[in-house]
Every structure is written in C-alpha cells, then in structure tokens.
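J.: pasting the sequence and the predicted coordinates here, then a few questions.
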Amino acid sequence: MDMEVHLSDKNLKRKYVATLFDIIAPGYNSFTYLFSFGMDREWKSRLVCEGAKRAVKDPVVLDLACGTGDLGIALAQSTRARLTLGFDLSPKMLIEAQRRLRTEQADMKLAACDMLDLCVASGSIDVVSIGYGLLNTADVRQGLREIARVLKPGGVLLNLDFYRPRGTAWRELYLWYLWNAGRLSGWLWHREPIVYGYIAPSIRGYLTIPEFEEELRGAGFAVEWRASHLGGGLGLHVALRI
C-alpha cells in the first residue's frame, strides 16, 4: 500500500490505521514503554492526576482509542468512576484490553467505535481521555466536535499525543529518529517495519501544539492545563467543555 495516499485520504486512513493496530496489538504495551524510554508511564500518570483534579465526583469516563486500557483504567481508579467505557477501532486491541481487565480485576465496558461517530448520547459523559488517538483519526476537527457533543458542560478532556515541532532543525531530527527507530521497532516486534514507521509521516502532516489548541477552542473547549515535551513533539492537555 502507498502509505502517503492512505494517510492523506480520510476514507482510506480509517481502515489503514485499524489494520496497523490489529497487527501491533500483541506487545503494544512493551513497545510503548521501551520506545518512550519509560516516559510514557510518567506522562500518563501526570495527565491522569491533572484530569482527576478537575473531574466531578463518581464520573462517567470514556477512554477513546483505548488500546489495552491502561489510561482508562488509571483514570477510572483515580476518579472512582461509576462507569468506564473504552472504545477503539481495532478489535484485536479490544481483545488485549479485555485480557488486561481480567488480570487487573478492573471494570471497563469495551466497544469497537470510531471517535468520529461516537455511539453514545449527547451530554452523557463527564470525562474523556485519549492517548495517541487524535493523530490517527481521519479528521481531527470532527473528532473534537464529537467529543464536545458527548461531554456534559464543564466536562473534562484529557489528551496525550504527538505533534509537529515548530522549529525546523529539531523537527527534521525528531522525525528522522521516529522514522528510523519506528521502522526498526516494527521489524523487531512484528517483522513489519511500516507499523511503527508510519508515525513520522503522520506527525509531519499533523498539527503543532499551538495549532491543536486553536482547534480545541474552536470545538468549544478551554485549555485548563498543558505540558510540552520533546521540544514540542509531544503534548499533554486538560481542557474543559465550555
């Protein structure tokens, strides 16, 4: 498949990303930990802490692009959620999440659902969390509109994602590393270099952190807290639905 064509076409990207994540589901947690040099756990822990401070008591939590469920489980435990939902495009990721739920004796209702067309009622969710998800959607603006639709007024959005660094020199070095390290990791983990190699081209066509914050405001959110890492290549946001 032509990666550039699939990443730039909204209709093709959904299927492309779902296929990639079906492939990488086994071993995804170990890859994320090693690829981030262990920082992924710290980023998620900090995001959950900041989000929990702003959540209502006993919230309904929706974890989008839930993967194996680590972010949703941590958020549910931290907020003492009365109901936690986990949605992902990849059926195999949901299988891995179910295994994790059994191991950790946690409760999360799982479903295959596209964040561009969420299968929950408007104004029914208190907290939405996303880890590395919006980058992989076919339409970030539509994704944010859907999240705004399902959140109650004052509801909380937690987002952790990659972004395109603003500085040219650092951006090229950052993307060069992600391209080469991603392809090597894809081959070592799955004998498929492109399953992680696609990350760098995706980021190149994605938003900078300031551009993302403009999209947040346009969708009806106010940024409450932010943190930037890797020279603007990774960002954490907590935003409230106005």
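T.: That came in fine, so what should we check first?
J.: and the helices in the protein?
T.: Taking DSSP state H, the helices of the chain run over residues 3-8, 10-24, 28-35, 39-54, 70-79, 91-104, 140-150, 168-190, 194-197, 199-204, 209-218.
J.: mind pulling up the pLDDT for the residue of the chain most remote from its centre?
T.: Most distant residue from the mean C-alpha position of the chain: A169, 26.2 Å away (Cα atoms, centre = their mean). Residue-level confidence at A169 comes out at 98, pLDDT.
J.: next, count neighbours for the residue nearest to V56 when sequence neighbours are not counted.
T.: Leaving aside its sequence neighbours, V56 sits nearest to D126 (Cβ to Cβ, 6 or more residues apart in numbering; 5.3 Å). Every C-beta, even on glycine, is put in place using the N, C-alpha and C of the backbone. Per other Cβ atoms under 10 Å, the neighbour tally for D126 reads 22.
J.: one more: V128?
T.: Other residues close to V128 by other Cβ under 10 Å number 28.
J.: wait, doesn't it sit right on A148?
T.: No - with contacts defined as Cβ atoms under 8 Å, V128 does not count as touching A148, sitting 9.4 Å away.
J.: count of residues packed around the residue nearest to W187 when sequence neighbours are not counted?
T.: Closest residue to W187 apart from its sequence neighbours, by Cβ to Cβ, 6+ apart: P193 at 4.7 Å. Using other Cβ under 10 Å, the number of residues around P193 comes to 17.
J.: mind listing what's buried in the longest strand anywhere in the chain?
T.: For the chain, the longest strand by residue count, based on DSSP state E, is strand 151-162. Buried residues in strand 151-162, counted by 16 or more other Cβ atoms under 10 Å: 151-152, 155-162.
J.: ok, stretch 29-41 next?
T.: For stretch 29-41, by 16+ other Cβ under 10 Å, it's 29, 31-32, 35, 40.
J.: ok, the residue nearest to V56 - contacts?
T.: 55-56, 59-61, 151-152, 155-156 (Cβ atoms under 8 Å, 6 or more residues apart in numbering).
J.: for the residues you listed, which one is nearest T68?
T.: V61 (16.0 Å; Cβ to Cβ).
J.: got the contact list for the closest one?
T.: 72, 75-76, 79, 81, 83-85, 125-129.
J.: just G154 next, same as before
T.: Shown in contact with G154 (Cβ under 8 Å, 6+ apart): 56, 240-241.
J.: report the buried members of those residues.
T.: 240-241.
J.: and which of the contacts of G154 is nearest to G231?
T.: L240 (27.1 Å).
J.: average pLDDT for stretch 20-27, rounded please.
T.: Taken as a whole, stretch 20-27 has a mean pLDDT of 87.
J.: let me fix that: stretch 221-240
T.: pLDDT averaged over stretch 221-240 gives 98.
J.: how about the residue nearest to W187, phi and psi?
T.: The phi and psi values for P193, taken as degrees, to the nearest 10, are phi -60, psi -30.
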